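**Q** Quick one: sequence and predicted model below, then my questions.
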Amino acid sequence: MGENLSELLEPIAAWFRTLGTPEPIVHWGHPAMMGTVVFVLGSYVAYIGWRGRTATDGEISLKNLADHRKLAPLMYLFIVLGYTGGVLSLVMQQHSILESTHFWTGSTVIVLLGINAAIALTGFGGEKKEGLRTVHAYLGSAAMILLVVHAILGLNLGLSI
């Protein structure tokens, strides 16, 4: 299945290869950009989400939750786009996709954040708001922790290929 996926993506990767992008950018571009997204934007989105949830001052809470609501979708979009770029980077470097633990942790993060987005889009379940808000908070935190593991696995992958 991994070979089929690589074969499916190979024409796209081949087109990107024709651009003459220097090898260090192909190799380390994804980690540099995604490191910024995860460690700067992601940590800020998680922080303001928790700050909005735990602040005792109602005005501070509302401001943080409003900012979280604005930035979290952008973070998710950037992570999905970065995921796509990371997969293409592996294909461009002719590295097996499905054998990479980095691929699997990234895929898991996309699923977790997708579930979190669905929870938020439902308005946290109407009457069941507090329970789903708690699930949302802890699921998002678990995704952020997994992203740290993902980054470590990615660094190991980058150093090995």
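**A** Good, I have the coordinates. Numbers count the residues shown, from 1 in each chain.

**Q** so is Phe124 in a helix, a strand, or just coil?
**A** coil (DSSP: H, G, I helix; E, B strand; the rest coil).

**Q** per-residue pLDDT, the nearest residue to it once chain neighbours are set aside?
**A** Closest residue to Phe124 apart from its sequence neighbours, by Cβ to Cβ, 6 or more residues apart in numbering: Leu132 at 4.3 Å. Placement of C-beta: from N, CA and C, glycine included. At Leu132, the pLDDT value in this model is 89.

**Q** how much space between Leu132 and Ala143?
**A** 16 Å (Cβ to Cβ, to the nearest Å).

**Q** which one of these two has more residues nearby?
**A** Legend: neighbour count by other Cβ atoms under 10 Å for Leu132 and Ala143, higher for Ala143 (23 against 17).

**Q** Next, the buried residues of the host helix or strand of Ile152.
**A** Using DSSP states H and E, Ile152 sits within helix 129-160. Judged by neighbour count (16 or more other Cβ atoms under 10 Å), helix 129-160 contains these buried residues: 132-133, 135-137, 139-140, 143-144, 146-147, 150-151, 153-154, 157.

**Q** Quick one: list the elements packing against that helix.
**A** helix 23-36, helix 43-54, helix 101-121 (3 or more Cβ pairs under 8 Å, 6 or more residues apart in numbering; DSSP states H and E).

**Q** Tell me how far Glu10 lies from Val91.
**A** The gap separating Glu10 from Val91 is 6 Å, by Cβ to Cβ.

**Q** Pretty sure Ala143 sits against Leu113.
**A** Yes - the criterion here is Cβ atoms under 8 Å, and Ala143 meets it with Leu113 at 5.3 Å.

**Q** Tell me the secondary structure at the closest residue to Glu3 other than its chain neighbours.
**A** Excluding its sequence neighbours, the residue lying closest to Glu3 (Cβ to Cβ, 6+ apart) is Ser96, at 7.9 Å. When classified by three-state DSSP, Ser96 comes out as coil.
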